[in-house]
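Colleague: Predicted model and sequence follow; I will ask about them next.
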Amino acid sequence: MLEIRGLTKHFLGVPALHDVSFTVERGEIAGLIGPNGSGKTTLFDCVTGFLAPDGGKVFYMDRDITSLAPHRIARLGLTRIFQQIRTFPRLTVIENMRAAGQQHQGLSLTGGLFPTKRIRDLNRALDERAGELLEVLGIPGVGGLAAGTLSYGQQKLLEIAMALMPRPALVLLDEPVAGVNPTLIESIKGYLKRLNKIGTTFLIIEHNLQVVMDLCHHVFVMDSGELIAHGPPSVVQEDERVLEAYFGK
Amino acid sequence: MTEETVLAIHELDAGYGTRRVLFGVSAEIKTGTITVVVGPNGAGKSTLLKAVAGLADRWKGSILFKGMDIRECDMGEILAMGISMVPQGRCNFPLMTVQENLEMGAYTRRDPHVGRDLAAMKERFPLLRDKKDLLAGNLSGGEQQILEMAMALMLKPALLLLDEPSLGLAPGPMGRVFQEIQRIAGEGIPVVMVEQNAKRALEISDQALVLDLGKVWMSGPGREILANPQVRKRYLGG
């Protein structure tokens, strides 16, 4: 579903990614782990069009998406969440989620000003889906609050909800459960598994190894901008290079 | 070291604008101790830290810092008194170098020992020495977190408030951050931290507060809270 070929990126001459290649198969939950600064987020940025790679190619469903604009990539069904919060702070939670859902249905501002029945129906469907997602993510009561007034953890959950609004085919999650209460982590894990069962593919950056081990079918390990190991979680967990890179000597 | 109360919060109501987040929260923080605040997302944990630091509205109750009520003091005054807060996420100055960030950390200090402390800080966190000329924005997330903590320590705080110090850290650096927190407390500086990596944090804590819906749901010694089956089920994921 996602194929990364020889991806390379430098920042002021400092290599952040060096010749990284791997494939995420349709229907799997893949994990991307590695120490802080190993290039994981840079890789996400290159895949989703937020950064132009210096070399290499990205294929999504056999289509070359290297250097496509982020919104074009999103419309193809590949969404992401960020490590840092990116919501519209003055819009309500529901409005944020509607916006996330609408973008991908090609609705425009004029459509919002002069709503036809089709658009009203669409909006109703979006609201229903938004409500359902908020329920699952443990924040059912916040729909009417301005996103900026939510706590960090709640905004993180809102980000996940926004990424899932358009029913994407592939979702890149950058530390989805950082700052999330442990009990809620359990239910988020359950939800991601359910979505995966009905066909959503995931690539997840996560430092919480328990989450990675529980969720992922396949794990890729990066260190210093290179892919150093990959395989099923149980195998990767035992790999000497991984242990050294991840936990230090 | 004798333990004395550094911070005493009594029946505090706090929030933002018209939105009340904390309802009658009380807590006591002693020298050299680690207090961990746990609870669901949106329970008011960060707001509690912000209320102490002067970043949230405080309507009722009292916040006694070294015996003086700071409820009406603003952020600058509170900072000058020695309460240092490391906010959630990474908030350093991304377009300034690591060295400049550390200097910014000491911005309110007027004593002649800033240079010496800067050198000591780079000894303490060698990665900051190695990367002192890099832009802070080019550090990895974990490195920025360490930089934030070092910036807070540059103020020589009498109380350190940490909002999710382990956020986004790989297991290795996370262990080092927790070690560092224990070391800071060992030097006598009380630490209050919000942490979702709750089990790990509770293990090193002296005291824990469980917040839910803006109220203290339970409090007690860290290990007791950690062992409490109800807390485990509701807040620690079993």
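Modeller: On my side now, so go ahead.
Colleague: Show me the strands in chain B, by range?
Modeller: Counting by DSSP state E, chain B has strands at residues B:5-16, B:19-30, B:34-38, B:57-65, B:68-69, B:83-86, B:159-163, B:191-194, B:207-212, B:215-221.
Colleague: low pLDDT regions in chain A?
Modeller: A:83-84, A:103-115, A:247-249 (pLDDT under 70).
Colleague: Could you point out the longest helix of it?
Modeller: Secondary structure of chain A per DSSP state H: the longest helix is helix A:117-136.
Colleague: what number of residues lie near A:Ala178?
Modeller: 24 (other C-beta atoms under 10 Å in any protein chain shown). To be clear about C-beta, it is placed using only N, CA and C from the backbone, and glycine gets the same treatment.
Colleague: Residues of chain B that sit close to chain A?
Modeller: When proximity is defined as C-beta under 8 Å from any C-beta of the partner chain, chain B approaches chain A at B:16, B:19, B:38-42, B:44-47, B:88-90, B:138-143, B:163-164, B:167-175, B:196, B:198-199, B:233-238.
Colleague: Minimum distance to A:Val212: which of the strands of chain B has it?
Modeller: strand B:34-38 (22.6 Å; C-beta to C-beta).
Colleague: Show me what that closest one is packed against.
Modeller: helix B:45-53, helix B:171-186, strand B:191-194, helix B:198-203, strand B:207-212, helix B:222-227 (3 or more C-beta pairs under 8 Å, 6 or more residues apart in numbering or on different chains; DSSP states H and E).
Colleague: how about a markdown table for the strands of chain B, with mean pLDDT added?
Modeller: Converted to a markdown table, the strands of chain B look like this (pLDDT from 0 to 100):
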| stretch | mean pLDDT |
| --- | --- |
| strand B:5-16 | 96 |
| strand B:19-30 | 95 |
| strand B:34-38 | 96 |
| strand B:57-65 | 96 |
| strand B:68-69 | 95 |
| strand B:83-86 | 91 |
| strand B:159-163 | 95 |
| strand B:191-194 | 96 |
| strand B:207-212 | 95 |
| strand B:215-221 | 95 |
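Colleague: could I get these as TSV with mean neighbour count?
Modeller: Listed next are the strands of chain B as TSV, based on neighbours: other C-beta atoms under 10 Å in any protein chain shown:
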stretch	mean neighbour count
strand B:5-16	19
strand B:19-30	18
strand B:34-38	27
strand B:57-65	18
strand B:68-69	11
strand B:83-86	24
strand B:159-163	25
strand B:191-194	26
strand B:207-212	23
strand B:215-221	16
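Colleague: of those strands, which approaches A:Asp174 most closely?
Modeller: strand B:159-163 (19.5 Å).
Colleague: show me where chain A has helices.
Modeller: A:40-47, A:70-75, A:93-102, A:109-113, A:117-136, A:152-164, A:182-197, A:209-215, A:233-238, A:240-247.
Colleague: and of these, who's closest to A:Gly143?
Modeller: Of the helices of chain A, nearest to A:Gly143 by C-beta to C-beta is helix A:93-102, at 4.5 Å.
Colleague: Contacts (any at all) between chain B and that closest one?
Modeller: No. Figure legend: helix A:93-102 not in contact with chain B (C-beta under 8 Å from any C-beta); closest approach 11.5 Å.
Colleague: mind saving the C-alpha coords of that helix as PDB?
Modeller: The C-alpha atoms that make up helix A:93-102 are tabulated as PDB, following Å, rounded to 0.1, in the frame of the first residue of the first chain:
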ATOM      1  CA  VAL A  93     -14.300  20.500  18.500                       C
ATOM      2  CA  ILE A  94     -17.200  19.500  16.200                       C
ATOM      3  CA  GLU A  95     -16.400  22.300  13.800                       C
ATOM      4  CA  ASN A  96     -12.800  21.100  13.700                       C
ATOM      5  CA  MET A  97     -14.000  17.600  12.900                       C
ATOM      6  CA  ARG A  98     -16.400  18.800  10.300                       C
ATOM      7  CA  ALA A  99     -13.600  20.700   8.600                       C
ATOM      8  CA  ALA A 100     -11.400  17.600   8.700                       C
ATOM      9  CA  GLY A 101     -14.200  15.500   7.100                       C
ATOM     10  CA  GLN A 102     -15.300  18.100   4.600                       C
END
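Colleague: where are the low-confidence patches of chain B?
Modeller: Looking at chain B by pLDDT under 70, you get B:1-2, B:89-91.
Colleague: Repeat the analysis, applying 80 as the threshold.
Modeller: Counting by pLDDT under 80, chain B shows low-confidence ranges at B:1-3, B:88-92, B:107-110, B:140-142, B:237-238.
Colleague: that older thread, right, and the strands of chain B - which one's nearest A:Arg86?
Modeller: Using C-beta to C-beta, the strands of chain B put strand B:159-163 closest to A:Arg86, at 19.1 Å.
Colleague: what comes into contact with the closest one?
Modeller: Strand B:159-163 is contacted from outside by A:152, B:6-7, B:29, B:45-46, B:49, B:52-53, B:65, B:82-88, B:149, B:152-153, B:181, B:184, B:189-195, using C-beta atoms under 8 Å, 6 or more residues apart in numbering or on different chains.
Colleague: gap between A:Thr66 and chain B?
Modeller: 24 Å (C-beta to the nearest C-beta, to the nearest Å).
Colleague: For chain A, what lies in contact range of chain B?
Modeller: So chain A meets chain B at A:11-12, A:14, A:33-38, A:41, A:83-85, A:138-139, A:142, A:149-154, A:156-157, A:175, A:178-186, A:207, A:209, A:246-248 (C-beta under 8 Å from any C-beta).
Colleague: From those, keep the buried residues only.
Modeller: By neighbour count, with 16 or more other C-beta atoms under 10 Å in any protein chain shown, those hold A:33-38, A:41, A:83, A:85, A:138-139, A:142, A:149-154, A:156-157, A:175, A:178-185, A:207, A:209, A:246 as buried.
Colleague: Run through the residues that contact B:Met68.
Modeller: Counted by C-beta under 8 Å, 6+ apart, B:Met68 has contacts B:Met81.
Colleague: ugh, wrong one, I meant B:Val114
Modeller: B:Glu103, B:Ala106, B:Met154.
Colleague: swap the cut-off to 7 Å and go again
Modeller: B:Ala106 (C-beta atoms under 7 Å, 6 or more residues apart in numbering or on different chains).
Colleague: again, but for B:Ala43
Modeller: B:Leu211, B:Asp212, B:Leu213, B:Gly214.
Colleague: that older thread, of the residues of chain B next to chain A, buried ones?
Modeller: Of those, these count as buried by 16+ other C-beta under 10 Å: B:38-42, B:44-47, B:88-90, B:138-143, B:163-164, B:167-174, B:196, B:198, B:234-237.
Colleague: before we move on, the earlier item: next, the buried residues of the longest helix of chain A.
Modeller: Neighbour-count burial for helix A:117-136, counted by 16+ other C-beta under 10 Å, picks out A:Ile119, A:Leu122, A:Asn123, A:Leu126, A:Arg129, A:Ala130, A:Leu133, A:Leu134, A:Val136.
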